[in-house]
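Novice: Need a 3D model of the following:
(one chain, ligands or ions: 1)
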Amino acid sequence: MIEKFIEWFSRLPPLGGFLSKLTVDENQVQVAYKKRKLYILLTKIWAMITFLLLIVYNFKNVIPSFSKGRIIFDNQSLYLMLLFALVIIIAISLWEYLHSKYSPIEKWKLEKLLRGFTEESDLLRQHDNSFNQTKSVKWMYSATDGLVTIKLMAGGHVNAEMEKDITRRLHGYFVKETKRSWILENRRIKDGLITMVFSHEKDERLIIDDISKIQKTNELNIKLTKRLSWTTRQPMGLIVGPTGSGKTSLLKGLIISFLASNYKNKIFTIDGKGAFLSVAMNRIGRVSTDAQSSLELTTELYQIMQQRYEEMNADVDSERDLTHAELFKQGSILLIADELLSLVVEMQAKDKILKPAERIYPQFYSNLMSLIVKGRQVSISVVVSGQMMPASILPTEARDSLGLRVALGRMSQQQAQEIFGVGLKDLPRADTSNYGGLIWLDGLDWEAPKPFLSPYYDDEKIPFKETLSKLAEAEGGGLPQAKCLS
Ligand SMILES: Nc1ncnc2c1ncn2[C@@H]1O[C@H](COP(=O)(O)OP(=O)(O)OP(=O)(O)O)[C@@H](O)[C@H]1O
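Specialist: The predicted model follows:
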């Protein structure tokens, strides 16, 4: 009983991200029957009270009525009770409407829908009270920021096949009952819990056309679409796409957003092809385009990482597990390694004529891996990008540490495996016609990568090189040096 009351209470707040709980252990007919009984009981109580009040208020009128020979009747209490009944009827009707499938309050509407679905999909099959054996399913749901998250604990009533099919059926039921669009954003089945996330509107492409609109943040937090953001949950990234798929434009968007989100942020760039990116990035940060300077650049960054760790560990007693940017408010550092394949090929060619101890690639690789594996805590992010990312240059262990993965353009079976670790048939279809592809973000409980529309970078409104120069001025101009970075 207390549990039911707590559940009922959890469903009361109409807004906010509170998790509401709903245990369904009765079918709709039983619920309607109970409700009808309750209404009949209330009506009877009302009639009794009205009658009693009439008697009490008119008791004093009995003798005067006899003596005057006419009935003296005080109907004030009757009017009051009628008014009271009217208010109650309006309140109940409003409550019923707000808890119906037509309700404008999403959270309250969900209760009705989930009850309806439980019944329609036969989740409580063989439910029979006569055996004193109440079967139940538990729903938990919340609705915030346009996302409806629903969790179902089916309590073992459904077989594995049906468990997989429930999301599709619930989706269909919602559309049928509400006649509005529901988009399945995510689904996950784990440990007897089915989690489904729905929205009503498709995620939208972001337009980067004004740096003043970019949200200022202390830590890494960059919007990728209207709904998705790149955050400290996935500080390391991988962007793969063939020529013309929009890789450079996506990098441009990320770079501008990163720099504009915090004027203390710094960028280091490795451009394996020594093309557009390196020329542009020279305005604002350290850039390398060849084997030797790339090794130096990663070594410098590695030292900065060590230095930042020392600063953080100075307070050995601290129990707080914070990042460097949170603790010291000195911004984050981003290393962009574009066209890594070209660079690695060059390094390996050079290494052939060097003595083993002097070889560049092993040292470069070791630096890069350390940064990828250990950079997060000290607010250093790494984004590796290229047309291809064969396992020979980025082994699976390293790839697993890259929490943001974007594949732009058409993908081959091999690339699907390389980037997302699954076959093409297990990936959703992506619209690649308009600089789109697929995205994976760690830490969001996704079951599979999602279709992704790269932010539209408006080169006319914010010309890349010019904007970088402006941002360099805002930063106080100049190249990041190890000493001023840490
Ligand atoms: N997100 C985007 N916003 C605006 N324009 C884009 C976007 N993506 C691609 N484009 C347009 O497509 C062209 C090619 O894109 P981009 O240079 O980013 O591709 P790429 O994959 O980096 O190719 P390459 O490897 O040859 O450099 C750009 O010049 C730009 O006009």
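Novice: in the stretch 1-150 of the chain, what spans have low per-residue confidence?
Specialist: Along the stretch 1-150 of the chain, the model assigns pLDDT under 70 to residues 125-134.
Novice: Looks like Ile150 contacts Lys138 (just checking).
Specialist: No. Counting by CB atoms under 8 Å, Ile150 stays clear of Lys138, with 11.3 Å between them. The C-beta positions use only the backbone N, C-alpha and C, and glycine is treated the same way.
Novice: who's more crowded, those two?
Specialist: Comparing Ile150 with Lys138 by other CB atoms under 10 Å, the one with more neighbours is Ile150, at 22 against 16.
Novice: Name the residue most distant from the centre of this structure?
Specialist: For the chain, the largest distance from the centre (CA atoms, centre = their mean) belongs to Ser67, which lies 80.2 Å off.
Novice: so how far is Ile55 from that residue?
Specialist: Distance of Ser67 to Ile55, given as CB to CB, to the nearest Å: 20 Å.
Novice: Ala472 now?
Specialist: In this structure, Ala472 lies at 89 Å from Ile55, with CB to CB as the measure.
Novice: How about Leu259?
Specialist: Separation of Leu259 from Ile55 (CB to CB): 82 Å.
Novice: got it, and Leu147?
Specialist: The span separating Leu147 from Ile55 equals 57 Å under the rule CB to CB.
Novice: more neighbours, those two?
Specialist: Between Leu147 and Ile55, counted using other CB under 10 Å, the more crowded position is Leu147 (16 against 11).
Novice: mind listing what the residue lying closest to Gly241 once chain neighbours are set aside touches?
Specialist: For Gly241, the nearest residue in space outside its immediate sequence neighbours is Leu408; the separation is 3.2 Å by CB to CB, 6 or more residues apart in numbering. With CB atoms under 8 Å, 6 or more residues apart in numbering as the criterion, the residues that contact Leu408 are 239-242, 245-247, 250, 432, 435-437, 454.
Novice: Make JSON lines out of these and add neighbour count.
Specialist: Formatted as JSON lines, the entries for the contacts of Leu408 read as follows, by neighbours: other CB atoms under 10 Å:
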{"residue": "Ile239", "neighbour count": "28"}
{"residue": "Val240", "neighbour count": "23"}
{"residue": "Gly241", "neighbour count": "26"}
{"residue": "Pro242", "neighbour count": "17"}
{"residue": "Ser245", "neighbour count": "22"}
{"residue": "Gly246", "neighbour count": "25"}
{"residue": "Lys247", "neighbour count": "25"}
{"residue": "Leu250", "neighbour count": "23"}
{"residue": "Thr432", "neighbour count": "19"}
{"residue": "Tyr435", "neighbour count": "22"}
{"residue": "Gly436", "neighbour count": "18"}
{"residue": "Gly437", "neighbour count": "26"}
{"residue": "Ser454", "neighbour count": "25"}
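Novice: near the ligand too, which of the residues you listed?
Specialist: Of the residues in these, proximity to the ligand by CB under 6 Å from any ligand atom holds for 241, 245-247, 250, 435, 454.
Novice: mind giving me the domain ranges of this protein?
Specialist: 2-199, 207-485 (automatic domain parsing).
Novice: Pick the most deeply packed of these.
Specialist: domain 207-485 (a mean of 18; mean count of other CB atoms under 10 Å).
Novice: Show me the helices in the stretch 351-486 of the chain, by range?
Specialist: 360-374, 396-400, 413-420, 464-474, 482-485 (DSSP state H, counting those that start in this stretch).
Novice: between these, which gets nearest to Leu335?
Specialist: Set against Leu335 and scored by CB to CB, the helices of the stretch 351-486 of the chain come closest in helix 360-374, at 6.4 Å.
Novice: List just the one of the helices of the stretch 351-486 of the chain that sits closest to the ligand.
Specialist: Ranking the helices of the stretch 351-486 of the chain by their distance to the ligand (criterion: CB to the nearest ligand atom) puts helix 464-474 first, at 10.5 Å.
Novice: Remind me what that closest one packs against, helices and strands.
Specialist: The helices and strands touching helix 464-474, judged by 3 or more CB pairs under 8 Å, 6 or more residues apart in numbering; DSSP states H and E, are helix 247-261, helix 276-281.
Novice: so who does the residue nearest the centre of the chain touch?
Specialist: For the chain, Leu444 is the residue whose C-alpha lies nearest the centre (CA atoms, centre = their mean; 5.9 Å). The contact partners of Leu444, taken as CB under 8 Å, 6+ apart, are 186, 233.
Novice: Spell out which parts of this protein neighbour the ligand.
Specialist: Proximity of the chain to the ligand is confined to 241, 243-250, 435, 454-457 under the rule CB under 6 Å from any ligand atom.
Novice: again, 5 Å this time
Specialist: Within reach of the ligand by CB under 5 Å from any ligand atom, the chain has these residues: 241, 243-249, 435, 454, 456-457.
Novice: And the contacts of stretch 49-68?
Specialist: Contact with stretch 49-68 is made by 71-78, 80-81, as judged by CB under 8 Å, 6+ apart.
Novice: same deal with stretch 413-421?
Specialist: The contact list for stretch 413-421 (CB under 8 Å, 6+ apart) reads 238, 240, 388-391, 396, 399, 405, 407, 411, 422-424, 426-427, 438, 440, 449.
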